[in-house]
Each structure stands twice: as C-alpha cells, then as structure tokens.
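Chemist: fold the stuff below for me.
(2 chains)
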Amino acid sequence: MSGPLLELQGLRVRRGARLALELSALQLQPGEALAVVGENGSGKSTLLLAVAGLLDLEAGEIRLAGGGAHCGRAPAPTAYRQALALALQEPYPFAGPALELATFGLRARGVGRRDARARARTALAELGIEGLAARQAPSLSGGERKLLSLAQLAALAPAPGLLLLDEPTAGVDEAHLAAVEGWVRAARGRGAGLMLATHDHALAARLADRTLELRAGRASTPAP
Amino acid sequence: MILEGAGEGLARLFAGDPEVWGAVQVSVGVSVASLLLAALLGLPLGLLLGQARFRGKGALRAVVHALMATPTVLIGLLGYALLSRSGPLGGLGLLYTPTAMVLGQAALALPLVVGLSAAAVEKADPRIAQAALGLGASRGRALWVLSRERSPALWAALAVVFGRVFSEVGISFMLGGNILGYTRNIATGIAFETGRGEFALGVALGAVLLLVALGVNALSAVLEARAGER
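Modeler: The predicted structure is shown next:
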C-alpha cells in the first residue's frame, strides 16, 4: 500500500455545545500503532469515534486508504466505515451467544453465516475466550465483554486496514492480557494500522510506535 | 337493576351467547387487523423519526404528537365524509363494513405507533448504534439491530396502541354502523345495549373489555420493565 493509511486535517468536533476536539493534523502509516493518552475527558474516545465516522465534524476531513473520506455529518459512508473497525470503551451487552456476536462485522460485510462462524471461532481462540462461544453475552463479565468486542475485530482479519481500540485492556485479567497483545502484534504484522486510546502508559509503550497526548481536546505533544 | 343485569350478563358470557361472542370476534379481528396495518407503516416511520436526523424533524414530531391526541369521533367523521355514498371514496362501498372500521382504527393507531416507537428508540443506549456502525454495518442494518435490541419497548408500545383501538367507540360507530353480527363490536355493543336499557349484555361485553384492557396493560408493563433492564 502506498501513502498513509489515515490522514486527518483541521479536525474540529463538538459534543453538544462543548468543543471536544481540535486537531490540526495526524497521519498513520500501514502497520503503525499510535497510542492516544490523556486524562478522563481529554478527548481520546472522541478522537476514536470521530475517526470511526460516528461523530459530526464541525470542520476538517479524515481520509482513509481504501475507504474514501469522512467530513461533515455522521455516520460516514458504509465503505469508509468498513475500511476500519472500532471496539468501544464500554461494549454494549447485545443479546445473543458470544459466537454469533463475534460474526457481526463479517455478516455486515456480506460473509456467509457458516464462513463467518468459522472465522469468529478462530478469533475467539486467538483472544483465549473460545470457551465463551456458547455463553449469552449479557451474562459475561466486563472483562469478558471487552475480549468479545476485540474478537469481533479479530474475526475481520486480514481486513480492515485500521483498528480503533478504546481502552482495549480495561477489566481484562492478566491471563488474557498476553493474548490481547499477541493479537495486536499479529494484526500489525499483517499491515493493519492501530489507534489505541489508553490510560495505561506501560501498555502504550509496549504496543505503540508513538504517542499522542491529548489535553482538553488538543494535542499537548504533537504526533510526529 | 344493574346488579341483576350484571349477573345475567356474566351468565350469558359464560354460556357462550352468540351475540356476546360475535361482538368479541369483531372487536378482536378489526383491532388486530388495524394494528397490523398501522405497525407495518408506523414502525419504520417511528424508527426513522427516532433515529434519523433531518431538517424539520422537530416540526414533524410536533405534528405526530398532535395527531396522537385526535378524538376518535373526529376520525370517524372524516372517514364517514370520505366513504359515504357522496364522498370521494363512496364508490368503493366500504361504509358500514369491517374494512371501514379497520381503516379508521388504523388511522387512529398510526400516529400512536409512530410516536411511541420513535420514543422507544430515542431512549436507546447510543452504544447500540455506535457498536453496529463501528463494525461496518450499513445504516439500515444498524437500524435493524437497534429495533431488535429495543423490541421489548416496541412491543410495549404496540400493546398500548392495541388497548386504545380495542376500546374506541367513535370510529366503530360511525364507520361500522353497529350492525349486529357484522360490525357490532364490544365497545359499540356496550353503548347500544346500555342505551336501550339492556344492562345484561352491556355488562357481559364490558367484562370482556375490562379483561382485555387489564391483560394488555399488564403485558405492556412487563415489556416496559424488560426494556428498562437493558
């Protein structure tokens, strides 16, 4: 792939009346990982939601290789959103067995049920939660739900090009931490770019090539 | 006299009186058909009103809310003007038929279904749409996921609307004509029989109406509680 995976310029996002994010420029190359750090309310989740094409942009544009651009009103076009995948900070407890939920992104991309289930099963195993396949999602613990939301992204391998992970290890126990980090490294190895919002500076140092620190919606350390 | 009538009425109800059960049949058939028709049109509109963003949404919501309070007798009057022999749709010969009652009740139910289903999805957790769209779902698919997640609240809304159309009198009287064994339903039966001093039949029909109303309200409460848990 030539050129940047993600290119963002002149971004301004409001949440209600509050200016929640103002970022002049940001680029991400294929296979590169960017950690977004900052205090609560600094704009980390807002940045990920905006890049995911789920928030209105008051100004600016986000370009995604193979997906076109998001500017103006959300949600961004389906082609843009299918060039990435987002794992929310607090996954919603959808009704249904974990295996079925892990197929969601694949089914949204037109993959047949049988193929999607096979790939979802592999993804659950990759994150060390194959034992949860038959469990009803609302009965899962917070950490298990988080792992399931990551498995939804893992099931999409080798696509999409950009993975957006909001606090991917929050609530995840030590035993599964290695599986999460292993999956992230494997995804990067396949050329996926990564944006990772976290409070955990040690995790950021282990997984990311560089760090963007946000303070009150603005970059306090410019991302190189 | 009323107590005497009540005793006799309940006896007729349990004895399977054809006049009582005929009216029950008309009520159930017409109300279910009108609810289905209103749900078919109203649920997609309600989901869009609740979730989509467009210019004039506030005004449209205000119109829907105003229509939710339309008196049934007014809908009956408008329906009569349309369907009577000299009306624009008079040639269809629908006046004083169950079909006319279904259309009138559907007109009553439609804004209720739109307004209540819009409210049901507006209250939805924003993470539902975010999760679906963030995993690449089309807007239509995301709306489907949202309606599935909110289905207890949507069912509760439909239960409330069913209770409303099942118990209305004005539309049934004006468009159905209260023809015994054809368009007489529970509500028009009660009004008619009580008007001519036949308390027994009125009480028997009233008992069924009360039972259905209580059942529908209980169902709605259970579904609302389930919707609130999620």
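
Chemist: and residue B:88, helix, strand or coil?
Modeler: The three-state label given to residue B:88 by DSSP: H, G, I helix; E, B strand; the rest coil is coil.

Chemist: leaving out sequence neighbours, find the closest residue to it.
Modeler: residue B:82 (6.0 Å; C-beta to C-beta, 6 or more residues apart in numbering or on different chains). All C-beta spots, glycine's among them, are computed from the backbone N, C-alpha and C.

Chemist: quick one: name the residues of chain A near chain B.
Modeler: A:49, A:52-54, A:73, A:75, A:78, A:81-82, A:85-88, A:90-95, A:104-105, A:108-109, A:149, A:152-153, A:156, A:160, A:164 (C-beta under 8 Å from any C-beta of the partner chain).

Chemist: just those residues: which are in strands?
Modeler: A:85, A:86, A:87, A:164 (DSSP state E).

Chemist: any chance of the residues you listed in CSV, plus neighbour count and distance to residue B:75?
Modeler: Output for these, formatted as CSV (neighbours: other C-beta atoms under 10 Å in any protein chain shown; distance: C-beta to C-beta, whole Å):
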residue, neighbour count, distance to residue B:75
A:85, 27, 49
A:86, 28, 47
A:87, 26, 50
A:164, 27, 50
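
Chemist: show me which of those residues is closest to chain B.
Modeler: Set against chain B, the nearest of those by C-beta to the nearest C-beta is residue A:86 (3.3 Å).

Chemist: OK, contacts around the residue sitting nearest the centre point of chain A?
Modeler: By C-alpha atoms, centre = their mean, chain A has its centre lying nearest to residue A:164, at 1.8 Å. Residues near residue A:164 by C-beta atoms under 8 Å, 6 or more residues apart in numbering or on different chains: A:48, A:51, A:52, A:84, A:85, A:86, A:87, A:195, B:134.

Chemist: just checking, the fourth one touches residue A:67?
Modeler: Yes: Residue A:84 is in contact with residue A:67 according to C-beta atoms under 8 Å; the separation is 6.9 Å.

Chemist: which one's more surrounded, these two?
Modeler: Using other C-beta atoms under 10 Å in any protein chain shown, the more surrounded residue of residue A:84 and residue A:67 is residue A:84, with 31 against 23.

Chemist: what does the pLDDT read for that one?
Modeler: At residue A:84, the model reports a pLDDT of 97.

Chemist: what's the closest non-adjacent residue to it?
Modeler: Here the residue nearest residue A:84, using C-beta to C-beta, 6+ apart, is residue A:162, at 4.0 Å.

Chemist: tell me where the chain has helices.
Modeler: Assuming you mean chain A. A:44-51, A:78-81, A:98-102, A:104-108, A:113-126, A:142-154, A:174-189, A:201-207 (DSSP state H).

Chemist: chain B was what I was after
Modeler: Under DSSP H, chain B gives helices at B:2-14, B:18-51, B:57-68, B:72-83, B:98-122, B:126-134, B:139-149, B:151-167, B:170-171, B:186-195, B:199-229.

Chemist: remind me which residues of the chain are low pLDDT?
Modeler: Picked chain A for this. Within chain A, the ranges that satisfy pLDDT under 70 run A:1-2, A:221-224.

Chemist: think we crossed wires, I meant chain B
Modeler: For chain B, the stretches with pLDDT under 70 are B:1-2, B:228-230.

Chemist: one more time with 50
Modeler: Judged against pLDDT under 50, chain B has no low-scoring part.

Chemist: just to revisit the earlier point, so what sits opposite the residue nearest to residue A:84 in the bridge?
Modeler: residue A:84, residue A:193 (DSSP bridges).

Chemist: contacts only, for the residue of chain B found nearest chain A.
Modeler: Relative to chain A, the nearest point of chain B is residue B:134 (3.3 Å; C-beta to the nearest C-beta). Contacts for residue B:134 (C-beta under 8 Å, 6+ apart) come out as A:52, A:54, A:81, A:85, A:86, A:87, A:88, A:164.

Chemist: for those residues, which one is nearest residue B:6?
Modeler: Closest approach between those and residue B:6, by C-beta to C-beta: residue A:88, at 58.8 Å.

Chemist: what are the phi and psi values at the closest one?
Modeler: phi -70, psi 160 (degrees, to the nearest 10).

Chemist: contact partners for it?
Modeler: A:149, A:166, B:127, B:130, B:131, B:134 are the contacts of residue A:88 under C-beta under 8 Å, 6+ apart.

Chemist: can you name the residues of chain B that neighbour chain A?
Modeler: B:53, B:125, B:127-128, B:130-139, B:141-142, B:145, B:148-149, B:230.
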